[in-house]
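Chemist: coords please:
(chains A, B, C, D and E)
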Amino acid sequence: MRKKENVMANIAGRPRLEKLTHLGRGRLEKLYRMFYENGPGEGTFLSLPFDQLVEHGAAHTFKWQKEDVTNIDITGRGSADPRTVIELANKGNFSAIVLHPGIIDKYQDLLRLNIPLIYKADGHMTIPQNPPIASTIGSVKDALRLGAAAVGMSFYPGSEMTREDMARIGSIIREAHTYGMPAVVWAYARGPDVNEMGADSLYWVHYACVVAESLGADIIKTKFPAPVKTEKREAYLNYLKKIAKKTSGAEKYIELEPEKDEELTEKQHTHRMKLVVDAVPRSFVIVSGGPKIRGDPRKELAYTTRIVVNAGAEGRIIGRNFWGVPINKGLEYANIVAEIMREPQYHRPFKHVPA
Amino acid sequence: MRKKENVMANIAGRPRLEKLTHLGRGRLEKLYRMFYENGPGEGTFLSLPFDQLVEHGAAHTFKWQKEDVTNIDITGRGSADPRTVIELANKGNFSAIVLHPGIIDKYQDLLRLNIPLIYKADGHMTIPQNPPIASTIGSVKDALRLGAAAVGMSFYPGSEMTREDMARIGSIIREAHTYGMPAVVWAYARGPDVNEMGADSLYWVHYACVVAESLGADIIKTKFPAPVKTEKREAYLNYLKKIAKKTSGAEKYIELEPEKDEELTEKQHTHRMKLVVDAVPRSFVIVSGGPKIRGDPRKELAYTTRIVVNAGAEGRIIGRNFWGVPINKGLEYANIVAEIMREPQYHRPFKHVPA
Amino acid sequence: MRKKENVMANIAGRPRLEKLTHLGRGRLEKLYRMFYENGPGEGTFLSLPFDQLVEHGAAHTFKWQKEDVTNIDITGRGSADPRTVIELANKGNFSAIVLHPGIIDKYQDLLRLNIPLIYKADGHMTIPQNPPIASTIGSVKDALRLGAAAVGMSFYPGSEMTREDMARIGSIIREAHTYGMPAVVWAYARGPDVNEMGADSLYWVHYACVVAESLGADIIKTKFPAPVKTEKREAYLNYLKKIAKKTSGAEKYIELEPEKDEELTEKQHTHRMKLVVDAVPRSFVIVSGGPKIRGDPRKELAYTTRIVVNAGAEGRIIGRNFWGVPINKGLEYANIVAEIMREPQYHRPFKHVPA
Amino acid sequence: MRKKENVMANIAGRPRLEKLTHLGRGRLEKLYRMFYENGPGEGTFLSLPFDQLVEHGAAHTFKWQKEDVTNIDITGRGSADPRTVIELANKGNFSAIVLHPGIIDKYQDLLRLNIPLIYKADGHMTIPQNPPIASTIGSVKDALRLGAAAVGMSFYPGSEMTREDMARIGSIIREAHTYGMPAVVWAYARGPDVNEMGADSLYWVHYACVVAESLGADIIKTKFPAPVKTEKREAYLNYLKKIAKKTSGAEKYIELEPEKDEELTEKQHTHRMKLVVDAVPRSFVIVSGGPKIRGDPRKELAYTTRIVVNAGAEGRIIGRNFWGVPINKGLEYANIVAEIMREPQYHRPFKHVPA
Amino acid sequence: MRKKENVMANIAGRPRLEKLTHLGRGRLEKLYRMFYENGPGEGTFLSLPFDQLVEHGAAHTFKWQKEDVTNIDITGRGSADPRTVIELANKGNFSAIVLHPGIIDKYQDLLRLNIPLIYKADGHMTIPQNPPIASTIGSVKDALRLGAAAVGMSFYPGSEMTREDMARIGSIIREAHTYGMPAVVWAYARGPDVNEMGADSLYWVHYACVVAESLGADIIKTKFPAPVKTEKREAYLNYLKKIAKKTSGAEKYIELEPEKDEELTEKQHTHRMKLVVDAVPRSFVIVSGGPKIRGDPRKELAYTTRIVVNAGAEGRIIGRNFWGVPINKGLEYANIVAEIMREPQYHRPFKHVPA
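Modeler: Model (predicted):
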């Protein structure tokens, strides 16, 4: 009972699309398609990203060859084949699919016309010593031409490229909004110093999100804030102490970390997630990742999703867990996540304002 | 009595909006709104900046959890929540509120329409080893669209990025002026060498201000010039000696520093502040910070404000002391500052020229 | 009592600025200045236009020579001297003053900085056989530079130039909105055929207004719909019949006209005005002119204003009756109109939305 | 004595360059060169226009062949040869010379570098049935390239082309002002109906001037308002009566016309001129033409100039009377005009504001 | 006598404005104002630069506090106050004043309208480790708007930024020339290697000047070539030898340097200066600095000026020696320099070409 009240309070602090009329109909109608007309709906969100060929490499195309897979209907086609991912999207019910410009351009004929499309306008290859900043490889105009429902960009604060990255993303968002196009920002800290203390730690996840909102992101893709590993704890703590000299309160973050060898409880996870979500009350938050749990991936997806939505976040964005398995399984897994989101306590009803 | 004469002399050397008709009505009417129609008025200025989520991080959202706070009307919402800061601005009487582009875009519906808005077009995250130069994340056109009364930029001279920073800011100011939009420049020295000798020392504060005026700033946001700390005194002195070889007079700065372990008197502080203000006779100067004094923040705000306005500066810009506390207190503190500015000796009357 | 209910109903159907957040803060804050911070306020409007030198000719500069005027402070300066009109505006309390580009450019130093300025971007001289379409003589960028609160254009549907006029105005409005600048459209029918049947007749006034809203006008300046004169009645009726073949209902307009030699009652006038106002529920309507009544202009202004505001219109725009007389009288007359608008039943309260 | 007071009053109502700082230094420094550093100076103006080859035709090149001219130093070269006109300008002391783009481009090497140059950006040939609207043949950028002190345009209100003409000129003025370039507008009524009633009549001269100021002209070139000829008096009167229905006061113009066969007195001329000048209190007025008087052109120039400057106009622009005669005579005539302007009562002192 | 002939020969090799008609009237008329209508005139040049607040810092504002100064009219206003420098310019007779964009924008109302204005479009702060390249902070369009007679840029060849600097300056010059605006290039070598061997040595001064002319500078501001100091002689020589392998003759520079502890004679200085001036026969050369001599600054100014003009250079540009002292003294010193330039042997008469 206590929990339900908390969930209600968490959701009460979240943005309501119906009240954001000042964003203009162009952005609203696209957001509406993603949050109300596709996927789990009622203001929740579940999307299928497929930008990992650029981000991680072609090895993804080996995906199904490691497993005993029987009912693949297109011979030789692995799960990271764009056609397979699109087939999954077509058969499923996602709030949106995320694709890179060239993929959209070439495979557009295969994509169901009523799937909201997030045009991922930048990318970043896994390459040694590559500074953590994505390349802008698309354009807002191209996204319009291809019927996108949003443009997406990756923001990697934490390195010496942060300044350039902020300027790059700010500029795309300004242009996107001019054309009535919402912006989705993947916001993660990255960079040598940051990695040392835990780039996905609560401090950095939290920080990346508030900056993304200040840049103008309509949707923020964040990571499930990870507990600081024992070997990084000291670096993290030292940094927080340094920061706290100027920004009182920063030292509080350490209290939210587990003691050595401890695991966080669901309640603790939810509290941490809620802090992140709370910090951006006018941006929709979608979450990837989460703590690994043993056994069935179904359980892990359910467990992390429950935390995410209880904390007030609008939804999730899940890639390899969906498209890295045979389509049937991907659909099944996606449904597990969507079912949770469809529970009434997570609804954000949208009533058209009477004139 | 002696003091009053000094104050009068200090203010006599300051810019008078009514004489700046050559700036054109676009800039003047916006400056008028800030200096005469809102805040303490009569040519004085008190503004509420809220760009610290980007500048310092999300830890600010913890603010109220440190205290026993009872009368917060939105559960769980900390003082660094944009909605709370906007509520403070709406209830108070500030000359302007400062916000980042994404925040204005998303929260514009909450903001009182008659609060002058400074659109902070750039930002800089606190990140290890990040060079001190802000990213341009907004645009003059976006500021116009959102009904801003000015665009703001941070200028951080002192590092190897200075050249780029000057060009960046000069270019935005030129564009802003074309559209009748005033420019506010946050001018602080930053950079490895500069930090070593005291980035907020009188020499650097002074220098940053004259460059900001040369770039075309209509309003200069400066820091209260800080006494050079004992451990930095040598570096400071050495630098001044080096400079004095080319710029005779530079060695004088050291005479304005306290001897070891001494505290500056109010008179000394005022003299230092006056030097800064005097150096930019056609830019309005607003000041943040000031020496910490023990005890009640009310006393500290009153003490530093008195110095600032006695020195001839137009006003202040105060963030965390206002929004980092519960709204009632923030309003009370702002009123303490405003009351001082409203004293008749600080007025800059504006008489419309007879036809 | 019956009447009060009607007035309440009429006003209930009108736009409320506080609900138009989707227009964006740029337009809203400028509309707010005109409808709430200047003039009679509370959502009403009274403005002083001075574009008549272009529209009607320099004979206006003779204005005061017909009368025994003593207290003019610059000898020989008539009431149509821009300096005199600006003096009137400075001394009065108008929602806005309307001026042409060259006048603003040259006299900007005389204008109170807190008077909202409508930059009249086009003009049309009284010249024989000149087609009824205004020339664009200004630009949105120039309006921004000069600190305008709106751009104004005249729309003269009814001639062969209508097509060009619609395109011209549509284009300026689109650009103005991009920069957060509201658009005021003076909408009157003009043209040989239209004049023949009464250009200011209800049919044409009504039609011009709905087109102006369709073009995107934020404020529509319309004329008090004039009863069709006896000699034009037949042409009017024939035209309505023709129209009615395609647009059933058009024939009804004739029922709203007086029989020969009759005068309309106040109630009839109000009903006609209300039809016009009702047709544009999201544009603010301001009205010029009205039926001449014998005797004191004070009475006429009060009489027509009462009709206008009872019908639900937001306000009035009155030129020669204000600036065509000595300043004292102009102020007195303006006050008569403003006093009516200030009555509580005409208020449109603006409450800032709670966060 | 009475007269002197009038002159003082007339001049008191005129623009003072030193008070027009809001126009910006670009325009001011060029106006200063013309009104203070060249020609008769002290705020007065005498310029030499040479655009008549385009306006009137090549017959002008016959000028000196009709007369017994002895001391022409370049054989065969008539007075309308650009080289001769430039020689006159070089030897004289004019506030400015007016030339067409091609002439400036080709003869620039001959022109004294310190003569202010008015780049006449448009022209109009004398051709049967040609509508009265000038062609834009130059550009602001070209004027800048050639070192012009102003751009000039002809505005011919009165025909069906008026709309296009206003738009054309408004657009050039907006651009010129952006580059700190003053605009000179030749404002005369032209067109079939207008010609019928006297295009240079007081009504039309007066009207053209106020529109030119509304368009943004810095300098207005007007014609000496001509008495309406007996054969046009009826058309003029009828038109005024028509106008007076809408613009009360217009009927007054007829009172300023002479009765049949009467000549106007100097006092009457001055009063009429003053009405024109008074109507544009922030534009400098320069006048061409004037009533023909018998005998010596010296007397005529002195007579008309006296009227012009007594009425408060800043100066004159005289073409054929100067360049249509041998250079010696042209210089002599120009000097007669300049001497009058140099009389102390016509001075507009310019004092640089103390810091 | 020998000397006079030399001077005549030196001047004979210099550019003559009257022969540079191919530069176009826009550039010529502005150069004419600077070289013939203001300052010492007759083709000579003496200008007052005030960009040192940016270049050297705010310590300049302490200037007068070192001295017993009585007749300063605004208490506490030092000599580096823009208002004081402008007062000096207004009272003096300089060929031009040099100011930064923001200073011109803000103080334009104080500046005499007939002082040629050099708009310094870039600037460079004194900051440790800052690379020697100026930031472009202004624009050609802004210079036009503010009525500039030239745009100025600093060119600092000698570091790794040289490539970027050449491109930057080349681009501004190309644009300036398009608008008929002359370009002034401050050309000095700077950079680690260059400093080591003497950045102001003859080799580098010489080189910087020829590159500036190749970039298109109309006026080149160079430094008085300084003798190579004993401790740098070896580095200089080695560098010359290296260069001489490709550029035979380079080794000759060493012959123009003094032996250890020697001082150069006036004749030697003149010869060195002449080499520099000779190398750019179509760019006007103005010189700052010069060898320090003991005693009265009047003597030093006279001594160095004599060398400069005997060598054929057009003039000088002197800042702190003029504005760093009380106005009376500044005027006196400027007059000493101007008097020398006014001597007939330095005149470059400008005769307008006969038609």
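Chemist: From now on I want contacts and neighbour counts done on CA atoms only, so please keep to that.
Modeler: OK.
Chemist: quick one: contacts for the residue nearest the centre of chain A?
Modeler: Centroid-nearest residue in chain A, with CA atoms, centre = their mean: A:K221, separated by 3.0 Å. Listed by CA atoms under 8 Å, 6 or more residues apart in numbering or on different chains, the contact set of A:K221 reads A:V184, A:V185, A:W186, A:A187, A:V285, A:I286, A:V287, A:S288, A:I317.
Chemist: For the stretch 251-355 of chain A, give me the ranges with low pLDDT.
Modeler: Flagging of the stretch 251-355 of chain A using pLDDT under 70 yields the residue ranges A:353-355.
Chemist: check contacts around whichever residue of it sits closest to chain E.
Modeler: Residue of the stretch 251-355 of chain A nearest chain E, by CA to the nearest CA: A:E251 (34.4 Å). Applying CA under 8 Å, 6+ apart, we find A:E251 in contact with A:L237, A:L240, A:K241, A:I243, A:A244.
Chemist: doesn't A:G249 make contact with the fourth one?
Modeler: So that's A:I243. No - between A:I243 and A:G249 there is no contact under CA atoms under 8 Å: 9.0 Å.
Chemist: right, and A:F35 touches A:E42 too?
Modeler: Yes - because the distance of 6.4 Å satisfies CA under 8 Å, A:F35 is recorded as touching A:E42.
Chemist: and those two? which has more neighbours close in?
Modeler: A:F35 (26 against 22; other CA atoms under 10 Å in any protein chain shown).
Chemist: From E:F155, how far off is the residue lying closest to the more buried one once chain neighbours are set aside?
Modeler: Excluding the flanking residues, the one nearest A:F35 by CA to CA, 6 or more residues apart in numbering or on different chains is A:G43, at 4.6 Å. Counting by CA to CA, to the nearest Å, the gap from A:G43 to E:F155 is 59 Å.
Chemist: host element of A:V85?
Modeler: Here A:V85, judged by DSSP states H and E, is contained in helix A:82-91.
Chemist: For that helix, name the packing helices and strands.
Modeler: The contact analysis (3 or more CA pairs under 8 Å, 6 or more residues apart in numbering or on different chains; DSSP states H and E) places helix A:82-91 against helix A:101-107, helix A:320-323, helix A:327-341.
Chemist: could you give me the average pLDDT of that helix?
Modeler: The pLDDT scores in helix A:82-91 average 95.
Chemist: Mind pulling up the pLDDT for the residue nearest to the centre of chain A?
Modeler: On pLDDT, A:K221 comes in at 98.
Chemist: Is it part of a helix or strand, or is it coil?
Modeler: With DSSP: H, G, I helix; E, B strand; the rest coil as the basis, A:K221 sits in strand.
Chemist: Report the beta-bridge partners for it.
Modeler: Using DSSP bridges, the beta-bridge partners of A:K221 come out as A:W186, A:I286.
Chemist: coming back round to it: with pLDDT, neighbour count and distance to chain B added, can I get the contacts of A:E251 in TSV?
Modeler: Below are those laid out as TSV (pLDDT from 0 to 100; neighbours: other CA atoms under 10 Å in any protein chain shown; distance: CA to the nearest CA, whole Å):
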residue	pLDDT	neighbour count	distance to chain B
A:L237	94	17	14
A:L240	94	21	10
A:K241	93	19	12
A:I243	90	19	8
A:A244	88	16	9
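Chemist: for those, which one is nearest B:P297?
Modeler: Of all these, B:P297 sits closest to A:A244, with 19.3 Å by CA to CA.
Chemist: which residues touch the nearest residue to that closest one once chain neighbours are set aside?
Modeler: Leaving aside its chain neighbours, A:A244 sits nearest to A:A250 (4.8 Å; criterion: CA to CA, 6+ apart). Going by CA under 8 Å, 6+ apart, A:A250 touches A:L240, A:K241, A:I243, A:A244, B:A59, B:H60, B:F62.
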